[in-house]
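Trainee: coords below, sequence missing:
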Ligand SMILES: [Zn+2]
């Protein structure tokens, strides 16, 4: 462990001990913010992605030609843009869900809200695939490339857009109730938040972010570290052990 930089931050009761340590790689969390702009941004981007899909199809059907490069490349370019825009939109949507999670009390809305990014990917690629497959004007090679590119984009988009760390408003409320304003910690690539900055799972992280549990969830750390939960005897908060 020699030579390894490790930093600590004050977590209320540990203030005195923590004050002895350097805080150079501790970063304060972003404020939670408002979910609405993220949702609006997501929907706007998905509308743009849908339009890009239509452009890709118009190129395939020979009804749109921007001339500056071969039609096949134009079509691929539109599909790649479609992919990028739909994925960025889904990141905004996920962020909104983490700021303002849906309630499990309404299972339809809860499912829809958590899967909206995957649905958007489907809506922005499946119509193109169907139209490409059934188009009679385009040559076979163009159609094959079109369907292959769109299918890969659909699969990758689905994987990128799926929320692998979903959270419900009930889970968030339980976490806020259990931890209140207590400081929690998370690492840049970690998926959970910790109640102890000296948790063994944080040993490898040179930079930690600290904030409230609401800020941790907004940052996509929707679960409490099970090791920290055991240490603190917290049983009401969803952990990575479940
Ligand atoms: Zn931990």
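Mentor: Thanks, I have it. Being a predicted model, the structure only gives us computed values, none of them experimental. Numbers count the residues shown, from 1 in each chain.

Trainee: could you report the neighbour count for residue 214?
Mentor: 20 (other CB atoms under 10 Å). All C-beta atoms are positioned from the backbone trio N, CA, C, and that covers glycine.

Trainee: got the confidence number for the closest residue to it other than its chain neighbours?
Mentor: Leaving aside its chain neighbours, residue 214 sits nearest to residue 32 (5.3 Å; criterion: CB to CB, 6 or more residues apart in numbering). If you check residue 32, the pLDDT there is 91.

Trainee: which element is residue 32 on?
Mentor: Using DSSP states H and E, residue 32 sits in no helix or strand.

Trainee: identify the residues contacting it.
Mentor: Neighbouring residues of residue 32 by CB atoms under 8 Å, 6 or more residues apart in numbering: 99, 214, 215, 218.

Trainee: now the second one: which helix or strand?
Mentor: Using DSSP H and E, residue 214 sits within helix 213-218.

Trainee: check whether that helix comes near the ion.
Mentor: No - taking CB under 5 Å from the ion as the criterion, helix 213-218 and the ion are apart, separated by no less than 11.8 Å.

Trainee: roughly how far is the helix or strand just after that helix from the heart of the chain?
Mentor: Where DSSP H and E defines the elements, the next helix or strand beyond helix 213-218 is strand 223-224. With CA atoms, centre = their mean, to the nearest Å as the basis, strand 223-224 stands 16 Å off its chain's centre.

Trainee: for the nearest residue to residue 114 once chain neighbours are set aside, give me phi and psi.
Mentor: The shortest distance from residue 114 to any non-neighbouring residue, by CB to CB, 6+ apart, is to residue 166 (4.6 Å). The phi and psi torsions at residue 166 (degrees, to the nearest 10) take the values phi -70, psi 160.

Trainee: between the contacts of residue 32, which is nearest the ion?
Mentor: residue 215 (16.6 Å; CB to the ion).

Trainee: determine which two of the contacts of residue 32 are furthest apart.
Mentor: Largest separation among the contacts of residue 32 by CB to CB: 99 and 215, giving 9.8 Å.

Trainee: distance of residue 226 from residue 60?
Mentor: To residue 60, residue 226 is 50 Å away according to CB to CB, to the nearest Å.

Trainee: which one of these two has more residues nearby?
Mentor: residue 60 (27 against 16).

Trainee: ok, that one - contacts?
Mentor: 71, 75, 131, 132, 135, 138, 142, 143, 146.

Trainee: what's the ChimeraX line that selects buried ones from those?
Mentor: Provided next is the ChimeraX selection string for whichever of the contacts of residue 60 are buried by 16 or more other CB atoms under 10 Å:
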select :71,75,131,132,138,142,143,146
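
Trainee: what about the longest helix anywhere in the chain, average pLDDT?
Mentor: Ranked by residue count under DSSP state H, the longest helix found in the chain is helix 71-99. Averaged across helix 71-99, the pLDDT comes to 97.

Trainee: quick one: list the elements packing against it.
Mentor: helix 35-60, helix 107-123, helix 140-161, helix 213-218 (3 or more CB pairs under 8 Å, 6 or more residues apart in numbering; DSSP states H and E).
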